[in-house]
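K.L.:
My questions are about this predicted structure, shown below with the sequence.
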Amino acid sequence: MSGIPIVRIEGLTKRFGEFAAVDAVSLEIPRNAFFALLGPSGCGKTTLLRMLAGFEQPSEGRILIDGEEMAGVPPNRRPVNMVFQSYAVFPHMTVAENVAYGLKVTGVPRPEIERRVGEALRMVRLSGFERRRPDQLSGGQKQRVALARALVKRPKLLLLDEPLSALDRKLREEMQLELVRLQHEVGITFVIVTHDQGEALSMATHVAVMNQGRVLQISDPRTLYEQPRSRFVADFIGQVNVFEARRVAAGDGELRLAVDGIGELALPDERPPEKVVAVAVRPEKMRVSAVPPEEGRVTIAGRVGQIAYFGDHSRVFVEARGRRLVCIRHNRSRREEPSFREGDPCYLSFRPEDAILLSS
Amino acid sequence: MDSWRSAPWVFWAFLLPGGLWLLLFFLVPLAMVWVLAFGERAGPVEIVITWTLDNYRQALEPIYLGLFWKSFWIAALATAICLVISFPVALAVSFAPARAKPLLLMLVILPFWTNLLIRTYAMIAVLRTKGYLNFGLEYLWTGAKALLTPIGLGELLGERFVPLSLLYNNTAVVFGIVYVYLPFMVLPLYATLERLDRSLIEASLDLGASQARTFRSVIVPLAWPGIVSGIILVFIPALGTFLISDLLGGPDSQLIGNVIERQFKAANNIPLGSALSFLLLYMTFLALALRAWLAGRRGYRG
Ligand SMILES: Nc1ncnc2c1ncn2[C@@H]1O[C@H](COP(=O)(O)OP(=O)(O)OP(=O)(O)O)[C@@H](O)[C@H]1O
Ligand SMILES: [Mg+2]
């Protein structure tokens, strides 16, 4: 059994009228994955999740959960539970009643309910809150009630629709760690929707980037960040400097490109994509210096445009050949004086192997 | 919003017209009726207030108590039927596509735009022995007869169509009350169901509850404030109705409202009528107290 992926989606499409909210999506989610769906607002993440939960019927394609076809299976018969974006904690029940609800309606015996509810509340660190009503809870606590209520059912798949978006930043970071801890503890596959890239990268084992109903890339977080395949993914995950490029020659373990704003660039030819349309460089891979850098780095001369201070780092925007490029400088010492001022001439440089090849 | 504290005269100026209206046309007449209940008839139109308790004593005689009891049951039955009919209607309207909602709501309210008297007469035309309902039934009967006679089963349906007597009995009164007060039940129910967060219903289904269980454990408890309002809005006027029982009821369908009306008019016993009115009012207070208790017991107010 464990050989088959927990979720298999084949050619899944959902249309609202003419508009395809989810467009021919095929993917597999491995068992015990922490799978993040990432994409801009309106790209179809919630719709995809709701089809997994059974609240929307696919227009085309199919969904298999643990090898079982889900067409025609209503939400209350799927081995799937969902944590709603609005939490949807029942306001007329106490915390304990909320968590017990899913067990009670399926006829689990009372002593077992009590044991499992206690266990679930301990897991989300809400022991002692059993008799509270939802209107006496904070946002984070409600969120944990929703989580406990879903986990107590021991689903094969837990769906979370932007579970942290209503929390303030500090609580959100705490809950991110908490979710990862929980996922390790219970060994259930998590599918989480988010439009916060940091959240996706730090929590997930797999990230799927969606845009306009399509899945553009599914990778582990590191690959997604260091080897995005398309301009959209590179730009959506973190910041990036993009240069239009054209292939000139390849061979001898070297790929030669004509790059706008840089000139000819020779890159180590490791598995280049079919087509190269652009080259991208992450800002933290760029270095800004007052003097020309050592040999072996690709160098662009320009002028410091603007410096944005973020505490742990600064972003230096450099005007070069009519473009604005960005570079990150880490503020490593308290004593370090700002070495640049706006308008100073400077050199931006990066190592050729840090250039990302984009194929679309 | 306690800026009225800084300009109290604005507050009083706004309060004045409504307050005066209530005082002159509601509280003063009410007080007059209250006083009249302690009066004695001293002639065809004269009443002297002697602070006698005779009227109340008479109003508490078994014949009137029986009528109170009967009115209570008829009103309660009609309210229950209203609730059972209205819940699916309100649910359907609140789940209807946004564009259809105003139309559906208008259909619910539409009968309101017709005068109560005309509506009740229309009910007579529908329910009477030679009314539309019996015409329809007869039509079906004739059809069934024509179908069954060739196969020898025609006997089963009897010689002739016997029209149902639907009018001039207690059933007709309940029917009439349900018909007239239905919108008072549908609208508050709709108002609470409309505000009900759809994701709560989905969460219940997601947690493995069936549709029926979701209805019972999530929708009904959350619609509770609307249910209570609807019950009050139907039950109280139904308790005092006299027009519907007068027009649709039979000789044994007298309700307390009819008796009170008679005391003030035909029987010309205003003191007794006043005493009966106040007893009815106290029953209403009881119903409202029950409502407060019920709302408090559920502990949840939307
Ligand atoms: N019931 C519906 N009827 C018509 N269009 C819909 C419906 N539900 C969603 N859509 C459309 O489908 C698209 C995808 O919606 P969805 O809610 O899946 O986006 P999302 O990725 O979850 O966005 P967000 O990050 O803002 O939550 C949107 O353009 C939305 O307008
Ligand atoms: Mg969404």
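P.N.:
That came in fine, so what should we check first? Numbering: from 1, shown residues only, chains lettered A, B, ... in the order given. Ligands and ions are numbered 1, 2, ... in the order given.

K.L.:
any idea what A:Glu130 is structurally, helix, strand or coil?
P.N.:
Under DSSP: H, G, I helix; E, B strand; the rest coil, the three-state class of A:Glu130 is coil.

K.L.:
before we move on, what about A:Leu159?
P.N.:
Per three-state DSSP, A:Leu159 ends up strand.

K.L.:
give me the residue from the stretch 101-250 of chain A nearest chain B.
P.N.:
Residue nearest to chain B within the stretch 101-250 of chain A (C-beta to the nearest C-beta): A:Gly102, separated by 3.3 Å. The C-beta positions use only the backbone N, C-alpha and C, and glycine is treated the same way.

K.L.:
residues in contact with the spatially closest residue to that residue that is not a sequence neighbour?
P.N.:
Of all residues not flanking A:Gly102 in the chain, B:Leu207 sits nearest, at 3.3 Å (C-beta to C-beta, 6 or more residues apart in numbering or on different chains). Counting by C-beta atoms under 8 Å, 6 or more residues apart in numbering or on different chains, B:Leu207 touches A:76, A:81, A:101-102, A:105, A:149-150, A:153.

K.L.:
Looking at these, which one is closest to B:Trp141?
P.N.:
A:Asn76 (45.1 Å; C-beta to C-beta).

K.L.:
Quick check: phi and psi on the residue nearest to A:Gly102?
P.N.:
Per-residue torsions, B:Leu207: phi -80, psi 0 (degrees, to the nearest 10).

K.L.:
ditto for A:Ser26
P.N.:
Main-chain torsions, A:Ser26, degrees, to the nearest 10: phi -130, psi 130.

K.L.:
how far out from the middle of the chain is stretch B:274-282?
P.N.:
Stretch B:274-282 has its C-alpha centroid displaced from the chain centroid by 18 Å (C-alpha atoms, centre = their mean, to the nearest Å).

K.L.:
Confirm that B:Leu147 lies within a strand, as I assumed.
P.N.:
No - counting by three-state DSSP, B:Leu147 is not part of a strand but helix.

K.L.:
Could you say which helix or strand holds B:Ile124?
P.N.:
Element membership of B:Ile124 [criterion: DSSP states H and E] is helix B:116-127.

K.L.:
that older thread, pLDDT value on the residue nearest to A:Gly102, please?
P.N.:
Note on B:Leu207: pLDDT of 94.

K.L.:
Tell me the spacing between it and ligand 1.
P.N.:
Per C-beta to the nearest ligand atom, to the nearest Å, B:Leu207 is found 22 Å from ligand 1.

K.L.:
roughly how far apart are B:Trp21 and B:Leu281?
P.N.:
Look at B:Trp21 and B:Leu281: by C-beta to C-beta, to the nearest Å, they are 20 Å apart.

K.L.:
For the stretch 101-250 of chain A, what lies in contact range of ligand 1?
P.N.:
The stretch 101-250 of chain A comes close to ligand 1 at residues A:His195, as judged by C-beta under 6 Å from any ligand atom.

K.L.:
List the strands paired with the helix or strand bottoming out on mean pLDDT in chain A, with their directions.
P.N.:
When the helices and strands of chain A are scored by mean pLDDT, DSSP states H and E, strand A:263-268 comes last with a mean of 78. Here strand A:263-268 is paired, per DSSP bridges, with strand A:254-259 (antiparallel).

K.L.:
what ranges of chain A fall below the confidence cut-off?
P.N.:
Where chain A drops to pLDDT under 70, the residues are A:1-2, A:269-274, A:336-338.

K.L.:
Which residue ranges of it form helices?
P.N.:
A:45-53, A:95-104, A:110-123, A:139-151, A:169-186, A:197-203, A:221-226, A:231-236 (DSSP state H).

K.L.:
Same list (those) but as CSV, adding mean neighbour count.
P.N.:
Formatted as CSV, the helices of chain A follow (neighbours: other C-beta atoms under 10 Å in any protein chain shown):
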stretch, mean neighbour count
helix A:45-53, 23
helix A:95-104, 24
helix A:110-123, 16
helix A:139-151, 24
helix A:169-186, 15
helix A:197-203, 19
helix A:221-226, 16
helix A:231-236, 20
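
K.L.:
thinking the residue of the stretch 101-250 of chain A closest to chain B is in contact with B:Gly208, fair?
P.N.:
Yes - at 5.4 Å, A:Gly102 counts as touching B:Gly208 under the criterion of C-beta atoms under 8 Å.

K.L.:
Quick check: the residue of the stretch 51-200 of chain A nearest ligand 1.
P.N.:
Nearest residue of the stretch 51-200 of chain A to ligand 1 (C-beta to the nearest ligand atom) works out as A:His195 at 4.9 Å.
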